[in-house]
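Dropping the sequence and predicted coords here.
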Amino acid sequence: TPIAGIPVTTGEGDAQGVEYVVLNDDVLTSVANATLVLLDGSDLERLAVLFQFPQFLEHCPNDTLQIMVPEICRDAVRWREDVQMAAAEALYFVVNMEVPEAVAKRICIASLRIIQNSESGDVFDAWGEILSMMLPQVRRSDVLALVVPATKDRALSDKVEFRRLAARIIGSLNDALTAEEVEEQFLDQALAICDDPDSSVRAMIAQSLASVGSKLPLRVAEFHLWPKLEKLMSDSNSRVRAAALRAIAKSGEAHRADSSTSKLYRTMLLPMFMKECVTAGKVAAQDLRTVDDDTYLMLEIFSEVYGYFLVAVSSLFNQDSDWVTALNALRRMVTCNGPTVRHWCAFNLPAVAHVCGNLKPERIKGVIQALSTDSDVETRATLASGIHETTAILAKGVLREEVLRAVGELMTDQNNQVRMHALTHFANLLDLLRGEDGTAANELSPIFDNLEMISQESWRTQQLLAEQLKLAAKMIPPETLCMHVAPVLFLMARESTYLVRKASISALISVVRYIPDARRRDHILKHFRQEWARGKVYWTRLAYVDGCQEATMIFSRKLFRQLFAEELLLMVNDPVPNVRLRLASVYPDIIGSCKDLPGFNSNITQLMEDKDPQVRSAAVDASQLVLKWTGTTAEEEKLDVEKEQAENAFFVVKAKGGKKEQRDDSTKEASNMNLKLGEGRTGAMPGRAVSFSNSNPAAAAGATRPTVVTHSVLSGRGNWEGNANQAANEDQDSSVMADQASSVDEQGGAKVSLQSEDDKPKRKRMCGCFG
């Protein structure tokens, strides 16, 4: 039956008697229409819409938050239990987002109403969780008016479910109220709940005290919370003991600044930590498959809070035996056969490095290496997520070699998740691990050897790789930039999505800026001009325009004119309107560099007369900016002078006496850049061939046939080296061609091309920087 004009097909049931509903496209593609189904549809139709809620939230977040969520909150209290449960599951996707205060308040009120009407069960627990997760975003005055009174009432209830919910909400109020308000409103009730006859309530309040104890003043923790939590450490229920251990460790770490003056740190927290270290060491040394569940739970929780505890009490270690006990427990947990325990050890490694980095670094030797080669993927991924923090502390000390190996292992890990986490901090890691010459340490060369493998991941990984390479360009050795980085960026730009192409071209411009050999730099840019600015497909030409726009921010005006301007201005005659439109859009960025060049003003005039209306409009806007332009400011002029001075000091042009040697290096480099792209981590890609030819236009006039050097990449590093040597020999056999190519290259006229037209049908596509 149509609902408010929205067609919804409802079936009676299939052969097995299962009801089904089919939502019309008008419902699935409109938040407003889907909301009407929630209001007036049957329970089955509401379930169908609620199951689609994540898609609505992802694609139409504003409409979903402003239209659908308020209606769910208003009517959910009247729905049957299975629909209320589906609504709570839908709102799980909302509570972790930043939402408007009005929406947060509506969710809070709806949760309180449904909890009030539910005695217990899954619906009660689900909406209680929604309420506790939403509280940090609710306005403080609304929390005081709505939530605090309800929580106090439920804390005194004779129902276990209500008291457990009150204990849960007390922990969430930590972020919604001030420390004084939490102490005033809930301290006495929290301490009373610690003695609740039900173990699930005691465990919940102990868990809440982990956050509450971190916020309350030290005097409250010393005189009220820690003595009560110490008592819970002797509880008969292991979950209560585990939650109490977590609360003591986290609250102790929060007040560590006062550890030297607080009596309980020395008389309670330090002995407790040492006792748990001894116990954990003994348990971790066993086969954890044979220990009972309660023992394993306590080991797991201790491994989780080990870092908190160590930071809290390490300043009180007076004897060397204290360090031995603490770090032996860590080693036992790192090498145990419990993957969850090792995962938490990786999580706590930055804290361990913080404590031991300056005092006892040799005591944790081998820990980082063990975790970086752990058999558990989650352990390695967790280590990779925080490896930059660990590296920042240990990179310059006695564990530098171990850190370098660990970073290399993580960056070249077989698992994409591990590589992705490490790649997120790639530029930062290179900065922290710089060698004496200011570039990346030689020990990290395997990372660059495997860049192509990383570049074959998802487009998001490729985009992240390009962004990190851009940030790290100045720290990567120039040879590596030429041999590894530039080819991979070209490959990703050509073979991946628009966002990857944009990030790769932007990174390429930064890479070119940090290649000191001007001829090698020009060699890469020559390819960029020939294969991209003059490419047969329009998106390569768009990418060239994007690259030029990036170059205006990196290079001085003088060098920009020399390297990019001429080819850029020639694109005014491009046959594709989108390319001419992009060209018109970058004119404001190149005014300072190109305004005095021949053709600059005439190009604008030509674009203003373009047959495409959007191009004409963009050109008119650009011309107005050109007319209003009064010259560079003093600050811009100063910045440009600094860029030019830095470029003059950085880029090197070899003297005439070294031309022959430089020519040979350039020829080999061109072949090497192609060859490297055919080589993956475990070997080359079968069936790929790369080519490099230099043809002299002057020789072409005499009908001299261009020489083509072709290398098939068939296997791994050994074949790569053999092919490189073969390339060098062929270069020597073709010395006349090399001399001609080099002499023309000095004038900027050498051409880098693919194989001749006769050779092209022999393979489907080229591989590498020049493919």
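Done, it's in.

drop to CA atoms for contacts and neighbour counts, all remaining ones
Fine.

What pLDDT is listed against residue 364?
Per-residue confidence (pLDDT) for residue 364: 91.

residues contacting it?
Residues near residue 364 by CA atoms under 8 Å, 6 or more residues apart in numbering: 327, 331, 356.

where does the first one fall, phi/psi-wise?
Reported as degrees, to the nearest 10, the phi and psi values for residue 327 are phi -80, psi -20.

which regions of this structure lie under the pLDDT threshold?
Applying pLDDT under 70 to the chain picks out residues 1-20, 437-441, 654-771.

now for the longest helix seen in it, which elements pack on it?
The longest helix of the chain (DSSP state H) is helix 293-313. Applying 3 or more CA pairs under 8 Å, 6 or more residues apart in numbering; DSSP states H and E, one finds that helix 293-313 contacts helix 238-254, helix 270-284, helix 339-356.

List of residues touching the first one?
What it means is helix 238-254. Residues outside helix 238-254 that contact it (CA under 8 Å, 6+ apart): 199-200, 202-204, 206-211, 213-215, 221, 226, 229-230, 232-235, 265, 269, 294, 297-298, 301-302, 305-306, 308-309, 311-312.

List the buried residues of whichever strand or helix holds residue 578.
Per DSSP states H and E: residue 578 is located in helix 577-594. By neighbour count, with 16 or more other CA atoms under 10 Å as the criterion, the buried positions of helix 577-594 are 577-588, 590-594.

try stretch 247-261
Buried residues in stretch 247-261, counting neighbours by 16+ other CA under 10 Å, are found at 247-256, 259.

next one: stretch 525-537
Residues of stretch 525-537 classed as buried by neighbour count (16+ other CA under 10 Å): 525-529, 531-534.

Mind picking the one among these that's closest to residue 626?
Of all these, residue 533 has the smallest distance to residue 626: 24.5 Å, by CA to CA.

quick revisit: take the contacts of residue 364 and write them to JSON lines, including distance to residue 386.
Converted to JSON lines, the contacts of residue 364 look like this (distance: CA to CA, whole Å):
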{"residue": "327", "distance to residue 386": "20"}
{"residue": "331", "distance to residue 386": "19"}
{"residue": "356", "distance to residue 386": "16"}
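
Report the central residue of this structure.
residue 424 (4.6 Å; CA atoms, centre = their mean).

In which helix or strand does the residue nearest to that one when sequence neighbours are not counted reside?
Using CA to CA, 6 or more residues apart in numbering and skipping the chain neighbours, the partner closest in space to residue 424 is residue 464 (7.0 Å). According to DSSP H and E, residue 464 maps onto helix 459-472.

for that helix, packing partners?
helix 416-423, helix 426-432, helix 451-455, helix 498-513.

how about a cut-off of 6 Å?
Applying 3 or more CA pairs under 6 Å, 6 or more residues apart in numbering; DSSP states H and E, we find helix 459-472 packed against helix 426-432, helix 498-513.

Show me which of these has the highest average neighbour count.
Among those, helix 498-513 has the highest mean neighbour count (mean count of other CA atoms under 10 Å), at a mean of 23.

ok, then the element right after that helix?
Later in the chain than helix 498-513, the nearest helix or strand by DSSP H and E is helix 518-528.

Alpha carbons only: can I get that next one in CSV?
The C-alpha trace of helix 518-528 is given here as CSV (Å, rounded to 0.1, in the frame of the first residue of the first chain):
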residue,chain,number,x,y,z
ALA,A,518,70.1,19.7,-12.7
ARG,A,519,70.5,17.4,-15.7
ARG,A,520,68.8,14.5,-13.9
ARG,A,521,66.1,16.8,-12.8
ASP,A,522,65.6,18.1,-16.3
HIS,A,523,65.6,14.5,-17.6
ILE,A,524,62.5,13.7,-15.5
LEU,A,525,60.8,16.9,-16.4
LYS,A,526,61.4,16.3,-20.1
HIS,A,527,59.5,13.1,-19.8
PHE,A,528,56.8,14.9,-17.9
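
what sits up against that helix?
Outside helix 518-528, the residues that touch it by CA atoms under 6 Å, 6 or more residues apart in numbering are 512, 515, 651-653.

repeat for stretch 347-354
With CA under 6 Å, 6+ apart, stretch 347-354 has contacts from 307, 382, 389-390.

Which SSE is immediately downstream of the helix holding residue 578?
Per DSSP H and E, the helix or strand that comes after helix 577-594 is helix 600-608.

Can you list the buried residues in that next one?
Within helix 600-608, the residues scored as buried using 16+ other CA under 10 Å are 600, 603-604, 607-608.

Could you export the residues you listed as TSV, including distance to residue 49?
Shown next, in TSV, are the buried residues of helix 600-608 (distance: CA to CA, whole Å):
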residue	distance to residue 49
600	57
603	55
604	53
607	50
608	51
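
follow-up on the earlier one: ok, of the contacts of helix 518-528, which one's closest to residue 445?
Taking CA to CA as the measure, residue 445 lies nearest residue 515 of those, at 17.3 Å.

can you pull the contacts of that closest one?
478, 521.

hmm, back to that, now, among the contacts of helix 518-528, which is nearest to residue 544?
Residue 544 lies nearest to residue 512 out of the contacts of helix 518-528, by CA to CA, at 14.0 Å.

between the buried residues of stretch 247-261, which is closest to residue 183?
Checking the buried residues of stretch 247-261 against residue 183 by CA to CA gives residue 251 as the nearest, at 15.0 Å.

about what we covered before: report the angle between the helix holding residue 578 and helix 600-608.
Inter-element angle recorded for helix 577-594 and helix 600-608: 160 degrees (by axes from the mean of the first three to the mean of the last three CA atoms, to 10 degrees).

which helices and strands sit right next to helix 577-594?
Against helix 577-594 (3+ CA pairs under 6 Å, 6+ apart) you get helix 613-628.

what's the angle between the helix it packs on and helix 577-594?
On the basis of the same axes, to 10 degrees, helix 613-628 is oriented at 10 degrees to helix 577-594.

Name the residues that touch the next helix or strand after helix 613-628?
Sequence order places helix 634-650 as the next helix or strand after helix 613-628, per DSSP H and E. Residues external to helix 634-650 that are found in contact with it (CA under 6 Å, 6+ apart): 516, 556.

Please identify the buried residues of helix 634-650?
Result for helix 634-650 [16+ other CA under 10 Å]: buried residues 640, 643-644, 647.

can you dump the C-alpha coordinates of that helix into PDB?
What follows is helix 634-650 as a C-alpha-only set of coordinates in PDB (Å, rounded to 0.1, in the frame of the first residue of the first chain):
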ATOM      1  CA  ALA A 634      57.500  43.000  -0.400                       C
ATOM      2  CA  GLU A 635      56.900  39.700   1.500                       C
ATOM      3  CA  GLU A 636      56.300  37.800  -1.700                       C
ATOM      4  CA  GLU A 637      59.500  39.300  -3.300                       C
ATOM      5  CA  LYS A 638      61.500  38.400  -0.300                       C
ATOM      6  CA  LEU A 639      60.200  34.800  -0.300                       C
ATOM      7  CA  ASP A 640      61.000  34.500  -4.000                       C
ATOM      8  CA  VAL A 641      64.500  35.800  -3.500                       C
ATOM      9  CA  GLU A 642      65.000  33.200  -0.800                       C
ATOM     10  CA  LYS A 643      63.800  30.400  -3.000                       C
ATOM     11  CA  GLU A 644      66.100  31.500  -5.800                       C
ATOM     12  CA  GLN A 645      69.100  31.700  -3.600                       C
ATOM     13  CA  ALA A 646      68.300  28.200  -2.200                       C
ATOM     14  CA  GLU A 647      68.000  26.800  -5.700                       C
ATOM     15  CA  ASN A 648      71.200  28.400  -6.800                       C
ATOM     16  CA  ALA A 649      73.000  26.800  -3.800                       C
ATOM     17  CA  PHE A 650      71.300  23.400  -4.300                       C
END
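
How far off centre is that helix?
The chain centroid and the centroid of helix 634-650 are separated by 33 Å under CA atoms, centre = their mean, to the nearest Å.

what angle sits between the helix holding residue 464 and helix 416-423?
Using the same axes, to 10 degrees: helix 459-472 against helix 416-423 is 20 degrees.

Quick one: name whatever helix or strand follows helix 459-472.
helix 478-480.

buried ones in that next one?
By 16+ other CA under 10 Å, the buried positions in helix 478-480 come out as 478, 480.

Many thanks, I have nothing further to ask.
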